[in-house]
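A.B. asks: Pasting a predicted model and its sequence here:
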Amino acid sequence: MSLNDIAVLIGNPVAHSLSPVFQQAAFDHMNINARYEAWETYADELKQKIDLLRSSEYLGANITIPYKLDSINFVDSIDDIAEQVGAINTIISRNGILAGTNTDVEGIQNSFKLANVNLKNKNVILFGAGGAARAVMVAMKNAGVKAITVINRTEKKAKDFELFSDSNFKVSILSAHLATSQSGKIFTNADIIINATSLGMSKGESELLSPIPQELLYSSQVVFDLVYTPEQTPLLQMAESAGAQCIGGLAMLVFQGAASFRLWTDKNPPLEVMFRAAKKELDY
Ligand code: NAP
């Protein structure tokens with residue numbers, strides 16, 4: 001690597017992203033003379049911006065909302081994980097060739113590992129059917145989850161998730177308006193509850209909302225919220241009151257970024273440094 005190495009974040013908006021903060025901290029800590037830039041990108045510029053990464057100074061990119069799907073069209077290859085998810089969040093640039101992958105899946109699996117939660121043969125309920133939920137499906141399937149129930153406001157989008165099912169991985173779709181106390185049995189049988197909707201995100205219109213009422217949460221459960229601002233989302237507050245084990249979204253964010261860092265640099269990411277930088281920025 002040379003003095004001019006660059007990794008970038010491509011998305012819109014990118015101004016408040018944490019990736020530049022913890023990726024730059026990792027480069028600096030490892031004495032890698034690289035810089036991390038955030039490129040706010042309009043849809044009609046996406047191909048041109050990705051093509052710039054073919055130049056030798058670029059290590060690659062992170063791809064964020066809303067381009068995780070469309071970016072697949074502008075790289076030279078994608079790996080099996082990206083194929084399964086149907087989206088990329090990382091591009092690796094080597095000798096002008098661009099390879100796409102999806103490290104959100106590793107970020108999700110490592111979040112459970114860090115919390116010492118074994119996913120094998122578990123029953124999961126997933127709220128959401130957007131891009132992040134697709135990565136959750138692949139992470140759960142590849143980690144040996146037995147059955148998953150997907151609940152989404154727009155039921156048609158959840159229906160598409162039936163394609164993930166196979167003989168070892170049972171996928172059921174539950175209508176969002178039925179996800180109340182009437183369907184309590186599904187919830188008592190669930191080992192793990194995951195929120196991959198944007199409910200609970202600070203400053204959003206649904207910042208005070210949880211996808212599930214407190215009476216459907218149990219002390220035997222693990223509750224994972226992908227949302228990481230605030231640290232204690234409404235869902236995690238309820239889960240804590242119910243005595244459940246809570247996992248916040250920051251671990252996923254840092255682990256997916258750490259996996260990208262490893263792919264760009266071939267070096268082990270300084271996880272502690274990355275977590276510390278992200279937490280400091282968030283005021284956790
Ligand atoms: P997305 O593709 O836009 O999907 C948004 C999801 O939220 C959809 O399922 C949508 O349902 C649902 N939703 C939005 N507003 C809702 C409402 N008022 N009521 C019920 N459901 C609602 O976004 P995404 O990329 O999947 O991201 C989802 C969340 O995960 C975001 O909060 C994001 O910050 C978080 N995330 C975290 C990480 C991390 O590293 N921790 C990584 C990626 C994403 P409809 O289909 O009905 O619109």
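C.D. replies: Cool, got the structure.

A.B. asks: Name whatever forms a beta bridge with Ala99.
C.D. replies: According to DSSP bridges, the partner residues bridging Ala99 are Ser77, Ile92.

A.B. asks: residues in contact with it?
C.D. replies: Neighbour list for Ala99: Val75, Asp76, Ser77, Ile78, Asp79, Ile91, Ile92 [criterion: Cβ atoms under 8 Å, 6 or more residues apart in numbering]. C-beta here means a position set from N, CA and C on the backbone, and glycine is covered the same way.

A.B. asks: Tell me if Ala139 really is in a helix.
C.D. replies: Yes - remark: Ala139 belongs to a helix, assigned using DSSP: H, G, I helix; E, B strand; the rest coil.

A.B. asks: Report the buried members of the contacts of Ala99.
C.D. replies: The neighbour-count test (16 or more other Cβ atoms under 10 Å) marks Val75, Ile78, Ile91, Ile92 as buried among the contacts of Ala99.

A.B. asks: ok, of those, which one's closest to the ligand?
C.D. replies: Ile91 (16.7 Å; Cβ to the nearest ligand atom).

A.B. asks: does any part of stretch 55-70 sit near the ligand?
C.D. replies: Yes - for stretch 55-70 and the ligand, the contact criterion (Cβ under 6 Å from any ligand atom) is met by Ile65.

A.B. asks: Going by neighbour count, which residues of that stretch are buried?
C.D. replies: Of all the residues in stretch 55-70, those buried under the rule 16+ other Cβ under 10 Å are Tyr58, Leu59, Gly60, Ala61, Asn62, Ile63, Thr64, Tyr67, Lys68.

A.B. asks: cool, and stretch 143-153?
C.D. replies: Buried positions in stretch 143-153, judged by neighbour count with 16+ other Cβ under 10 Å: Ala143, Val145, Ala147, Ile148, Thr149, Val150, Ile151, Asn152.

A.B. asks: which of these come close to the ligand?
C.D. replies: Counting by Cβ under 6 Å from any ligand atom, Asn152 from the buried residues of stretch 143-153 sit close to the ligand.

A.B. asks: Let's have the buried residues of stretch 143-153 in a markdown table, adding pLDDT.
C.D. replies: Converted to a markdown table, the buried residues of stretch 143-153 look like this (pLDDT from 0 to 100):
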| residue | pLDDT |
| --- | --- |
| Ala143 | 98 |
| Val145 | 98 |
| Ala147 | 98 |
| Ile148 | 98 |
| Thr149 | 97 |
| Val150 | 97 |
| Ile151 | 96 |
| Asn152 | 96 |
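
A.B. asks: Restricted to strands, list the buried residues of stretch 143-153.
C.D. replies: Of the positions in the buried residues of stretch 143-153, Ala147, Ile148, Thr149, Val150, Ile151, Asn152 sit in strands, assigned by DSSP state E.

A.B. asks: residue contacts, the fourth one?
C.D. replies: Counting by Cβ under 8 Å, 6+ apart, Val150 makes contact with Leu126, Ala129, Ala133, Met137, Ala158, Phe161, Val171, Ser172, Ile173, Leu174.

A.B. asks: excluding its backbone neighbours, what's nearest the residue in the stretch 51-200 of the chain positioned nearest to the ligand?
C.D. replies: Nearest residue of the stretch 51-200 of the chain to the ligand (Cβ to the nearest ligand atom) works out as Gly130 at 2.1 Å. Nearest residue to Gly130, sequence neighbours excluded (Cβ to Cβ, 6 or more residues apart in numbering): Ala196, at 6.8 Å.
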